[in-house]
Each structure stands twice: as structure tokens, then as C-alpha cells.
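Asks: Fold the stuff below for me.
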Amino acid sequence: METAETAESPDLGLTFRDATDSDVDALVALIESAYRGDSSRAGWTTEADILEGQRTDPEGVRAVVKAPDSRLLTVEREGGIVACCQLEHRGTHAYFGMFAVSPSLQGAGLGKVIIAEAERQARASWGVTEMHMTVISVRDDLIAWYERRGYRRTGRMTPFPYGDERFGIPQRDDLRFELLVKELT
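Replies: This next block holds a predicted model:
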């Protein structure tokens, strides 16, 4: 795995670095708080109405930390982890996933700073020309947020892994993932 430089965003007091094994528990807690259960309702990215159960687990996060051509970019403010995102090198493009911002900090502009830094680091580290991600297709507000950041809907869908509780317990029967793509310039 390539090691990223530590980058800082002085205007928001953010520090970006690659996750380590010692971050796994804190990252799992962050991701769960951003997407599942009552704590996630403090932010706008909650999936609590469409999925119950877990969003990830320590094994899943550790696998991303240790995978070749993958990074779990960890974002700190005042010494505490406040956000994270996965970057994975996939040939001519990078995959962006596992994006989480602490619910109490959502809506303050951190997300757009973090995604811009992730795109910058993917271009700088791997020379990729596109960023890809998948989003649950019924998440209209979230998809609109990504579209405002330059991502476009492709209409390419993949099935949700119904029956695999590692990804949550669906509360609806119409969940699918849509591929979103952005050209990196």
C-alpha cells in the first residue's frame, strides 16, 4: 500500500492521513454513527429508515486498511477522528467509498473539502482520470449532493446484497446501487 502524505486544511483545522490498525475501532464507530441508528439522525446522511443492523465491522474496515492499492483516508480535527473515506486504485480510475462525517459536524462544509482532497490525492498518487462510487439509488438527497460536486449518474445498477447482514438489514425491497462517475481534471 502506498503511504500518503499528511495533508492539512488550515481553514477548517483538518488533518488528512492514512488509517492504521489502531484506528479501526474509532473508524467503525464513526461509520456506524453516520449511517445507522438514532445517532445517525443528527446528520443528514442517515440510512436508518432504509437499513437496520450494521454498516460495517472491524474486519471490513481492517481489510480496507490492509488491502493493496487501497487507502482509508482518515480526517482529524483537534486530535480526534471526524471523517473518513476509502480510496481504491482500480486501473484508470479510483473508487471512492466508506465516506463518513461525524453527524454532529455534517452540514458545515466538511464533506466537500474532504471529497476534494480525496480526489486530489487519488490523482496525485495514482494518476487516475476518473473517480467512481456507488450509492443506494433511493438516496436522492445524497445523489444530488454528489451531483453538485461534479459526479454524474450513469444509470448502471448493481443489486443490493439482500440476505448478507454484513451490509445491513434492508427495510425495503427496492434497494440497488447506482454507479456515479466524475472526471478528474
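Asks: Counting by contacts, list what the longest helix seen in the chain packs against.
Replies: Scanning the chain for the longest helix, with DSSP state H as the assignment, gives helix 110-126. Here helix 110-126 touches strand 7-9, strand 14-18, strand 70-77, strand 80-90, strand 93-101, strand 130-136, going by 3 or more C-beta pairs under 8 Å, 6 or more residues apart in numbering; DSSP states H and E. Using the backbone N, CA and C atoms, a C-beta is placed for each residue, glycine as well.
Asks: Select, out of these, the one closest to Glu147.
Replies: Ranking those by distance to Glu147, with C-beta to C-beta as the measure, places strand 130-136 first at 10.4 Å.
Asks: for the following helix or strand past that closest one, packing partners?
Replies: Beyond strand 130-136 on the C-terminal side, the first helix or strand identified by DSSP states H and E is helix 140-148. Helix 140-148 is packed against strand 130-136, strand 176-183, with contacts defined by 3+ C-beta pairs under 8 Å, 6+ apart.
Asks: and the shortest one, what does it pack onto?
Replies: It stands for strand 130-136. Identification of packing neighbours for strand 130-136 by 3+ C-beta pairs under 8 Å, 6+ apart yields strand 93-101, helix 110-126, helix 140-148, strand 176-183.
Asks: likewise the last one?
Replies: For strand 176-183, the helices and strands in contact under the criterion 3+ C-beta pairs under 8 Å, 6+ apart are strand 130-136, helix 140-148, strand 152-159.
Asks: and with 6 Å instead?
Replies: The elements that strand 176-183 packs onto, with contact taken as 3 or more C-beta pairs under 6 Å, 6 or more residues apart in numbering; DSSP states H and E, are strand 130-136, strand 152-159.
Asks: Now render these as a markdown table, adding mean neighbour count, mean pLDDT and distance to Leu72.
Replies: What follows is those, written out as a markdown table (neighbours: other C-beta atoms under 10 Å; pLDDT from 0 to 100; distance: least, C-beta to C-beta, whole Å):
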| stretch | mean neighbour count | mean pLDDT | distance to Leu72 |
| --- | --- | --- | --- |
| strand 130-136 | 19 | 97 | 15 |
| strand 152-159 | 11 | 98 | 22 |
